[in-house]
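*Asks:* show me the folded form of this:
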Amino acid sequence: MSELILKNVSKVYPTGKTAIADFCLQSSGKEFIVIVGPSGCGKTTLLRLIAGLENATKGDIIMDGVKVNKLKPKDRSVTIVFQNYALFPYMTAYDNMAFELKIKGVDKKERDKKVMEAAEILGLKSELKYRPRSLSGGQRQRVALGRAMVVSPKFFLLDEPLSNLDAKLRAEMRSQIIDLYEKLDATFVYVTHDQVEAMTMGTRIAVICDGVMQQIGTPSEIYDHPKNKFVASFIGSPEMNFLYGVLLKEAGGVKLTVCGEKIMLPQEMFDKVDESYLEGKKGIIVGIRPEDVIAFGEGENFHSVQAVVKGADVLGRDLIVYTKVRGASVTIKTTVPVKRGDKLNIAFDKSRMHFFSAVTGMNIMNYDEA
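*Replies:* Below is the predicted model of the structure:
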């Protein structure tokens, strides 16, 4: 069992700066939870609170039914992997991995067994005799993971462990960490600012901004049903398009006015929406992802408009195309070859639109809680 509960956890520094505010999270067993947000939002502070490296100003941290606020890190059954590896430069990979076991008084035979088991899983058996300076970045990171593995923690905490690696190696290490998670009976809490890591690794994602939880859910819930404009903008690459619009309820549906276009939408899309947003007076922000804007798309779910190409990023067969629609910027993903100055019809997938309050940024669609 590896149950982790955070109840209204806050961290306020003596200067008055609030790093974490009323943070709540509940994991009832083995999970891979990713804490994602921009730099400086409190992700690492949250991890340090769970580890016991810092004390919470208020709130409860509960592990397997035990409140651990006053317990030292060594008594919490946690281990942490840092961004900078934190390896002893004068020790071999083997000695780095065995260090904590040695400190705890584990006999040499048992230490050997645990280190070799971890090295086998991580593909490090031939590197155990080398010191960190002789290892690649990926190998050093695996040694750090191995050092954490050998103590058999219930809670495996990782603080941006891949940020020092190149793109190819990051992709490889993501796969290795997921393999490691599947083999170990532990809850992983993984901190990153990289939303690709969050989407590909997490069983659940917690999005935070300025120390405040914005939304927690599965990757598909976060992506398809963002609770506010911040989550919608932070998750997804390229970023979601945001356009100012107005909604007006009419006979037969709801009329959306956006970019000078009038688009009829089915009433059932707005059954849970506050009626005040459908009176044509409150401004709203229309969000639509680039992959839901189709070059030359047509059909019942699509509304076509003319756009002017302002530029494009070529990614193999795929293009990220930047266009203007009556002065508004709209990004699309396509395989259609285009060049700057081209005019093309693009189509919004009406069924994939999101609607946010222009004042609060909250999603007005009132999706049911997951």
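*Asks:* residues contacting the residue nearest to G211 when sequence neighbours are not counted?
*Replies:* In space, and not counting its chain neighbours, G211 is closest to G42: 3.8 Å by CB to CB, 6 or more residues apart in numbering. Heads up, the C-betas are built off the backbone N, CA and C, glycines and all. The contact partners of G42, taken as CB atoms under 8 Å, 6 or more residues apart in numbering, are 11, 19-20, 208, 210-211.
*Asks:* let's go with 6 Å and repeat that
*Replies:* Counting by CB atoms under 6 Å, 6 or more residues apart in numbering, G42 makes contact with 19-20, 211.
*Asks:* narrow those to those in helices?
*Replies:* Among those, DSSP state H puts none in helices.
*Asks:* going on from the longest strand along the chain, what's the next piece of helix or strand?
*Replies:* Determined from DSSP state E, the single longest strand within the chain is strand 302-315. Sequence order places strand 318-325 as the next helix or strand after strand 302-315, per DSSP states H and E.
*Asks:* residues in contact with that following strand?
*Replies:* Contacts of strand 318-325 (CB under 6 Å, 6+ apart): 238, 259, 305, 307-313, 330-334, 338.
*Asks:* now do 8 Å
*Replies:* Strand 318-325 is touched from outside by 238, 259, 290, 295, 305-313, 329-338, 344, 346, with contacts defined as CB under 8 Å, 6+ apart.
*Asks:* do stretch 91-105 as well
*Replies:* For stretch 91-105, the surrounding residues in contact (CB under 8 Å, 6+ apart) are 87-88, 110-112, 114-115, 118-119, 124, 127-132, 135, 139, 143-144, 146-147, 150-151.
*Asks:* how far away from the center of its chain is it?
*Replies:* Mean-position distance between stretch 91-105 and its chain equals 32 Å (CA atoms, centre = their mean, to the nearest Å).
*Asks:* so which bits of it are buried?
*Replies:* Within stretch 91-105, the residues that count as buried by 16 or more other CB atoms under 10 Å are 92-101.
*Asks:* what about the stretch 251-370 of the chain, any weak spots by pLDDT?
*Replies:* 297-300, 367-370 (pLDDT under 70).
*Asks:* what ranges do the helices span in it?
*Replies:* Assigned by DSSP state H, counting those that start in this stretch, the stretch 251-370 of the chain shows no helices.
*Asks:* before we move on, what about the stretch 1-150 of the chain?
*Replies:* Ranges of helices within the stretch 1-150 of the chain are 43-51, 93-103, 108-122, 137-149, based on DSSP H, counting those that start in this stretch.
*Asks:* go through those and name the closest to F230.
*Replies:* In terms of CB to CB, the element of those nearest to F230 is helix 43-51, at 14.7 Å.
*Asks:* format the CA atom coordinates belonging to the closest one as PDB.
*Replies:* This file holds the C-alpha atoms of helix 43-51, laid out as PDB (Å, rounded to 0.1, in the frame of the first residue of the first chain):
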ATOM      1  CA  LYS A  43       6.300  22.300  -7.800                       C
ATOM      2  CA  THR A  44       9.700  21.600  -6.200                       C
ATOM      3  CA  THR A  45       8.500  23.100  -2.900                       C
ATOM      4  CA  LEU A  46       5.600  20.700  -2.900                       C
ATOM      5  CA  LEU A  47       7.900  17.800  -3.500                       C
ATOM      6  CA  ARG A  48      10.100  18.900  -0.600                       C
ATOM      7  CA  LEU A  49       7.100  19.100   1.700                       C
ATOM      8  CA  ILE A  50       6.200  15.500   0.800                       C
ATOM      9  CA  ALA A  51       9.800  14.400   1.400                       C
END
